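S.K.: Give me a model of this one.
(one chain, ligands or ions: 1)
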Amino acid sequence: MTPTETVTFLRYLSSLFPTFTWQPDTPAAWHNAGLHKVTPRDAKAASLALATRAAFVSLDKLLAEVTRIRDERLAAHQVPAPNTDDPSEYRQQLLSSIAAAADGLHIDTPRALPAGQRRIGPPPIAWQQARGISPSESQARAIECPWPPCQAQPNSSCVNGIGRPLARSHEARHHLAAQLAG
Ligand SMILES: [Zn+2]
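M.R.: Down below sits the predicted model:
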């Protein structure tokens, strides 16, 4: 966003968070420290999400929420394969598709196959192996994560402190799964 948009956004933020007070140099500081990289739309979405669960707002919380929202959009959207054989064009197309998906600007394309019956339970072993998920990792994912800050549900990935999925489940989950397996 531009410096002017930052000022507009900070006014919006102080209406959401009555505790949020700003000094004359706050807009410039917030703009330079990160808001210049954020679109007004993402900043608004992040501040609305924060307002539902926190009474205070800080720049680092806001930026973390923007990242989370963009990651969520990316996870929900399949980025189309670039339509070229030229390596640099391929890279360019891929990067702009990813950016568009994270911005939430992608156009949904119809699925090639019907959705079919919803699968219940963990993904098949062959599916997990094809994605490089080890047998011990799938065993861990079959149970709820006992690590209190995480508590990922069965068949969901463990998440880190800002809610991003982890490739490897928490040690406590592996440990418990191994114990349960005997
Ligand atoms: Zn976990």
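
S.K.: Can you give me the buried ones in stretch 7-22?
M.R.: Across stretch 7-22, burial judged by 16 or more other Cβ atoms under 10 Å covers 7, 9, 10, 13, 17, 20. Using the backbone N, CA and C atoms, a C-beta is placed for each residue, glycine as well.

S.K.: Stretch 157-168 now?
M.R.: Buried, per 16+ other Cβ under 10 Å, within stretch 157-168: 157, 158, 159.

S.K.: Okay, strands next: where are they in this protein?
M.R.: Under the criterion DSSP state E, the chain carries no strands.

S.K.: tell me which helix or strand of it sits lowest on mean pLDDT?
M.R.: helix 125-130 (a mean of 73; mean pLDDT, DSSP states H and E).

S.K.: CSV for the buried residues of stretch 157-168, including distance to residue 143 and pLDDT?
M.R.: As requested, the buried residues of stretch 157-168 are arranged in CSV below (distance: Cβ to Cβ, whole Å; pLDDT from 0 to 100):
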residue, distance to residue 143, pLDDT
157, 13, 91
158, 11, 93
159, 16, 91
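
S.K.: Can you narrow these down to the ones near the ion?
M.R.: Contacts with the ion within the buried residues of stretch 157-168, counted by Cβ under 5 Å from the ion: residue 158.

S.K.: Spatially central residue for the protein, please.
M.R.: The chain has residue 71 as the residue nearest its centroid, 2.6 Å off, counting by Cα atoms, centre = their mean.

S.K.: Find me the pLDDT at the closest residue to that one other than its chain neighbours, would you?
M.R.: Among residues not flanking residue 71 along the chain, residue 164 sits closest, at 6.1 Å (Cβ to Cβ, 6 or more residues apart in numbering). pLDDT, residue 164: 87.

S.K.: can you give me phi and psi for residue 164?
M.R.: Backbone torsions for residue 164, taken as degrees, to the nearest 10, come to phi -90, psi 140.

S.K.: Kindly provide the distance from it to residue 119.
M.R.: Residue 164 sits 24 Å away from residue 119, taking Cβ to Cβ, to the nearest Å as the criterion.

S.K.: Likewise for residue 130?
M.R.: Taken as Cβ to Cβ, the span from residue 130 to residue 119 is 15 Å.

S.K.: try residue 29
M.R.: 49 Å.

S.K.: Give me the more crowded residue out of these two.
M.R.: Between residue 29 and residue 119, residue 29 has the larger neighbour count (other Cβ atoms under 10 Å), namely 14 against 9.
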